[in-house]
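Engineer: Let's see this in three dimensions:
(one chain, ligands or ions: 1)
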Amino acid sequence: MSALSFQGLNVWFGEGRDRVDAVKDASFEVAPGESFGLVGESGSGKSTIMRALTGLAPHWSGHMSVNDRPVGRRRDRTFYKTVQMVFQDPYASLHPRLSVDQVLSEVLWLHGFGDIEPRIERLLDDVGLGPSFRFRYPHQLSGGQRQRVAIARALAPEPSILLLDEPTSALDVSVQAEILNLLADLRTEHNLTFLMVSHDLAVVAHMCERIAVMQAGEIVEVLGVEEMRAMKPQHPYTLSLLEASLGYRRESA
Ligand SMILES: Nc1ncnc2c1ncn2[C@@H]1O[C@H](COP(=O)(O)OP(=O)(O)OP(=O)(O)O)[C@@H](O)[C@H]1O
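Structural biologist: All right, here's what the predicted structure looks like:
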């Protein structure tokens, strides 16, 4: 069984001469409970894979499945109960006029939960925010606290899979590690599967067991984090990414 499967995925934007082939023939699987990273330079198609899965990029071909159920053109409520996404920018992803209580109540209500009060308290506790945060508005929260609320919102439907699109890159360096550690703890406590996009190889090495390296829309290599740490990738592009992230200079002629 796989939690997520992508086979021969192509995703494009626009038509004719304006067409951009953002993802080309991408294939990989993520096992239940695994944390899988997507890395690569800006514009290589990492976020587009997540967007295609969640329905935000409508033009795609190939095969995608969630818990071995094929993803079709329309996603039902079961899909969004199973798969939730945390976006890069908590400033943009939370509505400024909704309190934390309203944000969480709305999602819980949409997913048909009756016991909303205790669930809100538990969700806030899960993400390390006390009950005093419940009636605050986004402008009354720090960036890290906002991202905690966004994570609580993603956890509310009790998903088994979280899509994390650069979840710490908009945050102050001092809180990035806190949020990554929170996510790692939540993964264990809630038996979650992660698909994570990051341009930061150190983040991916810390969070993921396997990594797909993307270049210009294609997956050039899938490698284990141990091979990555040992600087032993198969593909020269991966090596150049690793060296760049470590500040090495290649000994080129
Ligand atoms: N809505 C869109 N319309 C047209 N082109 C798009 C759209 N969204 C993305 N693209 C293009 O698709 C390609 C892949 O973009 P994508 O955002 O997936 O890259 P990425 O690897 O996630 O990059 P980054 O790390 O900068 O977010 C890029 O060439 C981008 O310009």
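
Engineer: what does the stretch 101-250 of the chain have sitting close to the ligand?
Structural biologist: H199 (CB under 6 Å from any ligand atom). Yep, even glycine has a C-beta here, placed from its N, CA and C like the rest.

Engineer: Three-state assignment for the residue of the stretch 101-250 of the chain found nearest the ligand, please.
Structural biologist: Minimum separation of the stretch 101-250 of the chain from the ligand (CB to the nearest ligand atom) falls at H199, amounting to 5.2 Å. Put simply, H199 is coil when judged by DSSP: H, G, I helix; E, B strand; the rest coil.

Engineer: same deal with V23?
Structural biologist: Taking three-state DSSP, the label given to V23 is strand.

Engineer: Then R73?
Structural biologist: coil.

Engineer: What number of residues are in the vicinity of it?
Structural biologist: Look at R73: counted by other CB atoms under 10 Å, it has 7 neighbours.

Engineer: separation between it and the ligand?
Structural biologist: 18 Å (CB to the nearest ligand atom, to the nearest Å).

Engineer: Show me which residues of stretch 180-191 are buried.
Structural biologist: 180, 182-183, 186-187 (16 or more other CB atoms under 10 Å).

Engineer: Closest one of those to S2?
Structural biologist: R187 (17.0 Å; CB to CB).

Engineer: Any part of the worst-scoring helix or strand of the chain on mean pLDDT near the ligand?
Structural biologist: Using mean pLDDT, DSSP states H and E, helix 90-93 stands out as the lowest-scoring helix or strand of the chain, at a mean of 75. No. Applying CB under 6 Å from any ligand atom, one finds helix 90-93 out of contact with the ligand, separated by at least 13.8 Å.
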